[in-house]
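pasting a predicted model and its sequence here:
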Amino acid sequence: MSKFLLRSALAVAVVGAAAVAFAADISGAGATFPYPVYAKWADTYKKDTGIGLNYQSIGSGGGIKQIIARTVTFGATDAPLKAEELEKQGLVQWPQVMGGIVLVVNLDGVNPGDLILDGPTVAKIYLGEIKSWNDPAIAKLNPGVKLPEAPIAVVHRSDGSGTSFNFTDYLSKVSDDWKAKIGAAPAVEWPAGLAAKGNEGVANTVANTKASIGYVEYAYAKQNKMNYARLVNRDGKVVAPSSETFQAAAANADWANAPGFREILTDEKGEKSWPITAATFILIPKAPSDPAVAGEALKFFDWAFKNGAKEAEALDYIPMPDNVIGLIRKAWTDVKTSDGKPVYEAAK
């Protein structure tokens, strides 16, 4: 087990134990994409307030199912629900933080950032059409890089995943073949490859499989010191994953005019834009069964907006802009008690 995965397991144990001790502790489940920052925030918040957060990193599909079943205080997803689904399920949705999805590889003799890929080539790799690392399409993008004569071991998610949704959304935008044959969804019929659960599972599988490629949230790649590929973006520029390139892509988002804040940030224009940037979202019932705990959850997320930016940036996530946070706080007024009062009045 890598040091990062060990720390993640310990963090789960800490916040899980806290849930036993405090009646007002918050329960959540869903996306693995934001798990590193949620775990960090939970640890700091527990020290500051005594309130714990028990967050199950089970994938976006699992988070959506659990919040619809009302078995947790909040759900978390990187595949935002459409306005009609939010209305049907009686949910409020908002983006909590943004980040980037990167392609990680395990290639002997190739250093991090040496490998360059573009969208059509990645699509052909995941379609099973490009099978070897020394394929001419890859070699053309990488003059001077010694590529091994090895079959490509493709790694993808096994669970319903917002990371997969954003990755396949990107592939659908850059490849007509991918769009026609596979499409964009949290779970798709993968044409080839090894399946692994969660960002953690994909990272671990790539780290332990020679000549492999997978897609993970950037914090997992960085914390595990994994080899990543640079990508050719929509403007034809080769970019590396970083806070700057994630911010460049996120700058195009029009949150104010997106019902339920549903914005997809893949394949955005801009010379510096990282092509697989994504937001991660929170789901909470408009009429929670336990308004007091729902209020505690909103208090935690408001605390994260006010105090969690530095911790998010240290893990290479992008905090939400102040003007968007203002819109989110207004949306929280839709979360109400049975007598119609907002469960939490966020401080401005």
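Happy to help now that I have it.

where along the stretch 101-250 of the chain do the helices fall?
In chain order, the stretch 101-250 of the chain shows helices spanning 119-127, 136-141, 162-174, 176-181, 198-207, 218-223, 243-250, with DSSP state H, counting those that start in this stretch as the criterion.

off-centre distance for the fifth one?
Averaged C-alpha coordinates place helix 198-207 at 14 Å from its chain's average position (Cα atoms, centre = their mean, to the nearest Å).

counting by contacts, list what that helix packs against.
Counting contacts by 3 or more Cβ pairs under 8 Å, 6 or more residues apart in numbering; DSSP states H and E, helix 198-207 packs against helix 3-21, strand 91-106, strand 153-157, strand 194-196, strand 212-217, helix 218-223. C-beta coordinates here come from the backbone N, C-alpha and C atoms, glycine included.

try it again with 6 Å
When contacts are defined as 3 or more Cβ pairs under 6 Å, 6 or more residues apart in numbering; DSSP states H and E, helix 198-207 sits against strand 153-157, strand 212-217.

same list (those strands) but as TSV, adding distance to residue 133, mean pLDDT and mean neighbour count.
Rendered in TSV, the data for the helices and strands packed on helix 198-207 read as follows (distance: least, Cβ to Cβ, whole Å; pLDDT from 0 to 100; neighbours: other Cβ atoms under 10 Å):
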stretch	distance to residue 133	mean pLDDT	mean neighbour count
strand 153-157	10	98	24
strand 212-217	9	97	28
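
tell me, which of the helices of the stretch 101-250 of the chain is the model least confident about?
Mean pLDDT across the helices of the stretch 101-250 of the chain is lowest at helix 218-223; the value there is a mean of 90.

send the alpha carbons of it over as PDB?
Backbone C-alpha positions of helix 218-223 (Å, rounded to 0.1, in the frame of the first residue of the first chain) are rendered in PDB as follows:
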ATOM      1  CA  TYR A 218      -4.600  14.800 -10.000                       C
ATOM      2  CA  ALA A 219      -4.200  14.600  -6.200                       C
ATOM      3  CA  TYR A 220      -3.900  10.800  -6.400                       C
ATOM      4  CA  ALA A 221      -1.200  11.100  -9.100                       C
ATOM      5  CA  LYS A 222       0.700  13.800  -7.200                       C
ATOM      6  CA  GLN A 223       0.600  12.200  -3.700                       C
END
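
in that helix, what counts as buried?
Of the residues in helix 218-223, those with enough neighbours to count as buried (16 or more other Cβ atoms under 10 Å) are 218, 219, 220, 221, 222, 223.

where are the low-confidence patches of this structure?
For the chain, applying pLDDT under 70 flags the ranges 1-24, 346-348.

care to break it down by domain?
Taking automatic domain parsing as the reference, the chain has its domains at 3-96+280-332, 101-261.

okay if I get those as TSV plus distance to residue 343?
Rendered in TSV, the data for those read as follows (distance: least, Cβ to Cβ, whole Å):
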stretch	distance to residue 343
domain 3-96+280-332	4
domain 101-261	19
